[in-house]
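>>> Pasting the sequence and the predicted model now:
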Protein chains: 2
Amino acid sequence: MVDFKQDILAPVASDFAAMDHFIQTGINSKVPLVMSVSRYVVEAGGKRMRPLMCLLAARACSNVDNNVNKEASLRLAAIIEMLHTATLVHDDVVDESGLRRGRPTANATWNNATAVLVGDYLIARAFDLLVSLKDFTLLQEFSSGTCEIAEGEVLQLQYQHNPDTDEATYLKIIHGKTSRLFELATEGAAILAGQPQHRAALKAYAGHFGNAFQIVDDILDYTSDADILGKNIGDDLMEGKPTLPLIAALMNATPDEQQLLKTTIQTGGVESLDRIIRIVQDSGALDYCRKRATEETHNAVAALGSLPDSIYRQALENLARLALTRIS
Amino acid sequence: MVDFKQDILAPVASDFAAMDHFIQTGINSKVPLVMSVSRYVVEAGGKRMRPLMCLLAARACSNVDNNVNKEASLRLAAIIEMLHTATLVHDDVVDESGLRRGRPTANATWNNATAVLVGDYLIARAFDLLVSLKDFTLLQEFSSGTCEIAEGEVLQLQYQHNPDTDEATYLKIIHGKTSRLFELATEGAAILAGQPQHRAALKAYAGHFGNAFQIVDDILDYTSDADILGKNIGDDLMEGKPTLPLIAALMNATPDEQQLLKTTIQTGGVESLDRIIRIVQDSGALDYCRKRATEETHNAVAALGSLPDSIYRQALENLARLALTRIS
C-alpha cells in the first residue's frame, strides 16, 4: 500500500490517533506472552487501511461529533484491525511465512503454537470488545461475516493447485479472504451510527473496493519489481494459487502454454517463473486484470453516490482510487 | 472418559439426541472442505461430556419443559461442543498430534493449514449461533470466557519447559484450558434459563469439576497402562509440561531426583520415563494429586447444595464422581 495522501487521512486524523491508542489499550491480557506477541503483531500492522475506512464511513454517514457515536466508531475501527491482525497471524502459519512487511512473522519469531493461540486470543478479544458495543445487528453481521472470512480462506485452500478454478470461484475466494472484512468495516460503521439507510451503499463500496484491492495484489505478484507489501514476485505461483492473472491467461494462451500453466498450478514452484510472466503478459491477462480492477474501483466509487457529499465521502473515493494506482 | 452410566445420561436422553442432531445441522457451510473437515472433527468428538453438563444444568435449575428454554439449552449445548472441538483442532496443531482418541487428527488427515482455518470457522460459527440466542449476559460471559481459554493455552506454552512452575500457576493454566469451558456450559445454562440465582453455584461446580478432571488427566499421564483417551503414558513429560505430578514430586524428591526432574522438564523427552514415574510414585506426588482431585470433586458436589434436589442435580453430582473413578 502506498502512503495515504493527506486528503484521505486528514479528515479523521484525530480519530485515527485515538483508534490507534485504543488498539493498544484494548489488548489487556494478564498473560505476558499474550501481551508481547499481540503487541508485536499489532504494531507490525501496516497502514491501518481497514480502520481508516471504518472511521471515514462513520463520518460519511452521520454526525459523529456526537460523543457516543464517535467513541463507538473508534472502538469498531480498533476491533476491525484486531480481526485483521488475527487473520494475518493465522495466514502466516498457514502459508509458513517467515516475513511480513519485512519483519519476521509471529510464527517465525516464536513458533506455530504461539501464533495459532495468540491469533485465537485476538479473535476472542475482538468479539469481547464487539459485545461491549451492545448492538445485536452489528453482532449478527460480524459473527456471520467472520464465518464467511474463514470459509473464504478454506475455499482458497480447496482450490490451491486446481487449474480448473474459474473467475466466479476466484471472486468467491477473494470476497471471503479480503472484501468481507472491508464490508464489515464500512457497513458496521453505518449500523453503529444508527444510519441503516446507508448500510447497503457502504457495503457495496467496500465489497467492490476489496475486490479491486485483491485483484491489484494478485497482479503485483506477477509484475512488481520491488517487494511492495513485503511480497515477492512469484509468491502465489510458488504456492500453486490460481489467481486471476493465471485464470485469465489460461483463456488466451496456446495449448502448450496452457499445459505449462496448468502443470505449474498443480505442482507449485517458480522454475518457469520467467516464462509464465511472459505468458501472463503476452496473453493480455494483465490487461484484463487491470480492466477488472478498474471496473471494481469504479463500482466502489459509484456505490457512494447515495451518500451526502462530504470530505469523508470524497476521502473514501480517493482511498479506492489510490489503491488502484499501485498498478498504474 | 469412561462410559456415562445410565443414571447420568437417562434424565436428558432425548435432549442429548436432539443436541447431537443440532451439532450436525448447525454446521452448514457452502464450502465442501469446511463441511467435510468440520463433520470429521465433530464426529470424532468423544462422549460430549460438556454439552451433557449443560443440558443437566439447564434442567437442574429450571423447568425446561418450557419449549423456548428447552430449544435454547439444546443450542447452547451444541455451541459448547463446537467451541470444545475448535480448541481440540487447534491444540492438535499446536502439539503436532497425529492421533486423538485413536483417530487421525485433522492436521494429520489434511494439514496444519486446513486445521487452523477450519478451527477458526468453528469458533466463528459457535459465536454466530450464540448471537442468535440473543442474550447479552450470555454473550459477555462467552466472549470474555473464550479470551480466558486462549489465555490459559498461551500460559501453558509460556510455562512449558519451566521447572519453576508452581501449583498456583498450574491451577491458572488448567482453569483456562479446561475448567473455563465447563463453567460456560453450566453457568450459561442458568443464564439462558433465566435463573441467575443459580449462576454462581453452577459455575463453582463446573470450575471445581474441571480442575478435578484435568488433575486426573495429568495423573493418568504417569499411571495409565492402556491408552485411555488415546493418551500415551509420558506425553506431558515428552513435551516438557510441568503438570501437578511433577510439581508435587519436586517438593519431596532428593536433590539428585530434583535435578533429573528439572532437566527433563527443560529438555522434554522420555529417556528417563521409568525412573521419573518411580520418583513421582515414591515421592508421594500421586497421592497428593489424588487428594487434590478428590478435594476438587468434593467442592464441585458441595457447590450444588443450593440447587433444588432433582434427578438432574444428582446426575451432575454423579458425573463429577464418575470422572474421579478413572484414577481409583
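Arrived safely, thanks for sending.
>>> So in chain A, which helix runs the longest?
helix A:67-94 (DSSP state H).
>>> Check which helices and strands that helix is in contact with.
Under the contact criterion of 3 or more CB pairs under 8 Å, 6 or more residues apart in numbering or on different chains; DSSP states H and E, helix A:67-94 touches helix A:13-26, helix A:32-43, helix A:49-61, helix A:106-109, helix A:112-131, helix A:136-159, helix A:180-192, helix B:112-131. To be clear about C-beta, it is placed using only N, CA and C from the backbone, and glycine gets the same treatment.
>>> List the buried residues for it?
Within helix A:67-94, the residues that qualify as buried are A:69-70, A:72-94, counting by 16 or more other CB atoms under 10 Å in any protein chain shown.
>>> List the residues that contact the residue in the stretch 151-300 of chain A that chain B sits nearest to.
In the stretch 151-300 of chain A, the residue that lies nearest chain B is A:Gln158 (4.2 Å; CB to the nearest CB). Counting by CB atoms under 8 Å, 6 or more residues apart in numbering or on different chains, A:Gln158 makes contact with B:31-33.
>>> re the thing from before, just give the strands next to the helix or strand following the longest helix of chain A in its sheet, each with its orientation.
Heading C-terminal from helix A:67-94, the first helix or strand you meet, by DSSP states H and E, is strand A:99-100. Paired strands of strand A:99-100, with direction, are strand A:103-104 (antiparallel) (DSSP bridges).
>>> who's in contact with A:Leu273?
Taking CB under 8 Å, 6+ apart as the test, what A:Leu273 contacts is A:233-234, A:237.
>>> Same question for A:Gln314.
Going by CB under 8 Å, 6+ apart, the list of residues near A:Gln314 reads A:Asp7.
>>> how about 10 Å then?
Neighbour list for A:Gln314: A:7-8, A:11, A:56, A:60, A:304 [criterion: CB atoms under 10 Å, 6 or more residues apart in numbering or on different chains].
>>> A:Asp166: neighbour count?
Using other CB atoms under 10 Å in any protein chain shown, A:Asp166 has 12 neighbouring residues.
>>> Can you tell me the SS state at the residue nearest to it when sequence neighbours are not counted?
Excluding its sequence neighbours, the residue lying closest to A:Asp166 (CB to CB, 6 or more residues apart in numbering or on different chains) is A:Ile247, at 6.7 Å. Assigned with DSSP: H, G, I helix; E, B strand; the rest coil, A:Ile247 falls in the helix class.
>>> Could you tell me how far A:Ile247 is located from A:His298?
When CB to CB, to the nearest Å is the yardstick, A:Ile247 and A:His298 sit 21 Å from each other.
>>> before we move on, back to that, who wins for most neighbours among the contacts of A:Gln158?
B:Val31 (24 neighbours).
>>> of A:Ile247 and A:His298, who's got more company?
A:Ile247 (23 against 15).
>>> which of the contacts of A:Gln158 come close to chain A?
Contacts with chain A within those, as defined by CB under 10 Å from any CB of the partner chain: B:31-33.
>>> tell me which of these is nearest to A:Thr263?
A:Thr263 lies nearest to B:Leu33 out of these, by CB to CB, at 23.0 Å.
>>> Would you confirm that that closest one contacts B:Val118?
Yes. Assessed by CB atoms under 10 Å, B:Leu33 is found in contact with B:Val118 at 7.8 Å.
>>> Correct me if wrong: A:Gln258 contacts A:Ala249.
Yes. The criterion here is CB under 10 Å, and A:Gln258 meets it with A:Ala249 at 8.4 Å.
>>> Please identify which of the two sits among more neighbours.
A:Ala249 (25 against 17).
>>> The residue lying closest to that one once chain neighbours are set aside: neighbouring residues, count only.
Spatial nearest neighbour of A:Ala249, chain neighbours left out: A:Ala285 (3.8 Å); criterion: CB to CB, 6+ apart. Using other CB under 10 Å, A:Ala285 has 24 neighbouring residues.
>>> Same question for A:Thr254.
Neighbour tally, A:Thr254, other CB under 10 Å: 11.
>>> pLDDT below threshold where in chain A?
Applying pLDDT under 70 to chain A flags residues A:1-5, A:45, A:63-68, A:225-232.
>>> Name the residue closest to the centre of it, please.
Central residue of chain A (CA atoms, centre = their mean): A:Thr178, 4.0 Å from the mean position.
>>> what sits against that one?
A:Thr178 touches A:87, A:149, A:152, A:207, A:209-215, A:217, counting by CB under 10 Å, 6+ apart.
>>> again with A:Leu139
By CB under 10 Å, 6+ apart, the contact set of A:Leu139 is A:127, A:130-131, A:133, A:191, B:127-128, B:130-132, B:134, B:136, B:139, B:143.
>>> Can you pull the residues that touch both of A:Gln258 and A:Ala249?
A:279, A:283.
>>> Let me know the angle separating the longest helix of chain A from helix A:13-26.
Relative orientation of helix A:67-94 and helix A:13-26, computed by axes from the mean of the first three to the mean of the last three CA atoms, to 10 degrees: 60 degrees.
>>> Quick one: distance of helix A:67-94 to the chain centre.
12 Å (CA atoms, centre = their mean, to the nearest Å).
>>> try stretch A:210-223
Distance, centroid of stretch A:210-223 to centroid of chain: 11 Å (CA atoms, centre = their mean).
>>> before we move on, what about stretch A:16-36?
21 Å.
>>> Does A:Gln266 lie in a helix or a strand, and which?
A:Gln266 belongs to helix A:255-267, assigned by DSSP H and E.
>>> surely A:Phe16 meets A:Arg48?
Yes. At 7.3 Å, A:Phe16 and A:Arg48 qualify as touching, with contact defined as CB under 10 Å.
>>> Who has more neighbours out of those two?
A:Arg48 (23 against 20).
>>> which residues does that one contact?
A:1, A:4, A:9, A:16, A:19-20, A:23, A:42, A:54-55, A:77-78, A:80-81, A:84.
>>> mind running it again at 7 Å?
A:20, A:81 (CB atoms under 7 Å, 6 or more residues apart in numbering or on different chains).
>>> Could you tell me which residues of chain A lie near chain B?
A:29, A:31-34, A:90, A:93-94, A:112-114, A:116-118, A:120-121, A:123-125, A:127-128, A:131, A:134, A:136, A:139-140, A:143-144, A:146-147, A:150-151, A:153-155, A:157-158 (CB under 7 Å from any CB of the partner chain).
>>> How are the helices of the stretch 201-328 of chain A distributed by residue range?
For the stretch 201-328 of chain A, the helices defined by DSSP state H, counting those that start in this stretch occupy A:235-238, A:244-252, A:255-267, A:273-282, A:285-303, A:311-324.
>>> I'd say A:Asp7 and A:Asn318 touch.
Yes. With contact defined as CB atoms under 7 Å, A:Asp7 counts as touching A:Asn318 (5.9 Å).
>>> neighbour count winner among these two?
Neighbour totals were compared for A:Asp7 and A:Asn318, and A:Asn318 leads with 16 against 13 (other CB under 10 Å).
>>> before we move on, the earlier item: who touches the residue nearest to A:Ala249 in this structure?
A:245, A:248-249, A:252.
>>> Name the member of those with the shortest distance to A:Ala200.
A:Ala248 (29.9 Å).
>>> How about the closest one, nearest residue that isn't a chain neighbour?
Closest residue to A:Ala248 apart from its sequence neighbours, by CB to CB, 6+ apart: A:Ala285 at 3.7 Å.
>>> In this structure A:Asn112 contacts A:Asp95, no?
No. Judged on CB under 7 Å, A:Asn112 makes no contact with A:Asp95 at a distance of 11.6 Å.
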